[in-house]
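Chemist: 3D, please:
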Amino acid sequence: MQLATPAGPYAEAAHIRALGKPHNGPDVPSNVLCLCPNHHVLFDTGAIYIDSAGNVRDARTGDELGKLRVVAGHSPDWAHLTYHRQHHRP
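Modeler: Modelled structure (predicted):
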């Protein structure tokens with residue numbers, strides 16, 4: 001998602017597997033999602049996650065919030081998404 005601003009759309013690069021200790025995620029495009037600032041915080045804190053079918057889910061309720069959109073030329077590494085689920089889901 002993106003945030004509309006007077007200067008144009010704004011989005012942030014969210015690392016799927018966090019950089020640094022203890023996660024030691026790589027700083028590579030396949031470990032990044034493009035998210036609006038609100039979804040970036042929700043993803044980083046584990047409030048939302050992406051299931052193995054590519055559905056974005058609310059961690060508290062398990063409700064589906066939408067589908068992960070993937071654009072040509074960018075492929076998230078599903079191993080990093082699995083890692084995120086394993087380390088951030090309640």
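
Chemist: you'd agree residue 52 is in a strand?
Modeler: No - Residue 52 is assigned coil when assessed by DSSP: H, G, I helix; E, B strand; the rest coil, not a strand.

Chemist: tally of neighbours for the closest residue to residue 74 other than its chain neighbours?
Modeler: In space, and not counting its chain neighbours, residue 74 is closest to residue 29: 6.2 Å by C-beta to C-beta, 6 or more residues apart in numbering. Backbone N, C-alpha and C define where each C-beta goes, glycine included. Close neighbours of residue 29, defined as other C-beta atoms under 10 Å, add up to 12.

Chemist: let me know the pLDDT of residue 29.
Modeler: As predicted, residue 29 sits at a pLDDT of 96.

Chemist: need phi/psi at the residue at the greatest distance from the centre of the chain.
Modeler: Distance from the C-alpha centroid of the chain, by C-alpha atoms, centre = their mean, peaks at residue 6 (25.1 Å). Main-chain dihedrals, residue 6, degrees, to the nearest 10: phi -60, psi -30.

Chemist: for residue 40, see how far away it is.
Modeler: With distances taken as C-beta to C-beta, to the nearest Å, residue 6 is found 21 Å from residue 40.

Chemist: how about residue 74?
Modeler: 16 Å.

Chemist: the two: which is more packed in?
Modeler: Remark: of residue 74 and residue 40, residue 40 carries more neighbours, 18 against 11, as counted by other C-beta under 10 Å.

Chemist: show me the contact partners of stretch 29-45.
Modeler: Contact with stretch 29-45 is made by 1-3, 10-18, 25, 47-49, 68, 74-77, 80, 84, 88, as judged by C-beta atoms under 8 Å, 6 or more residues apart in numbering.
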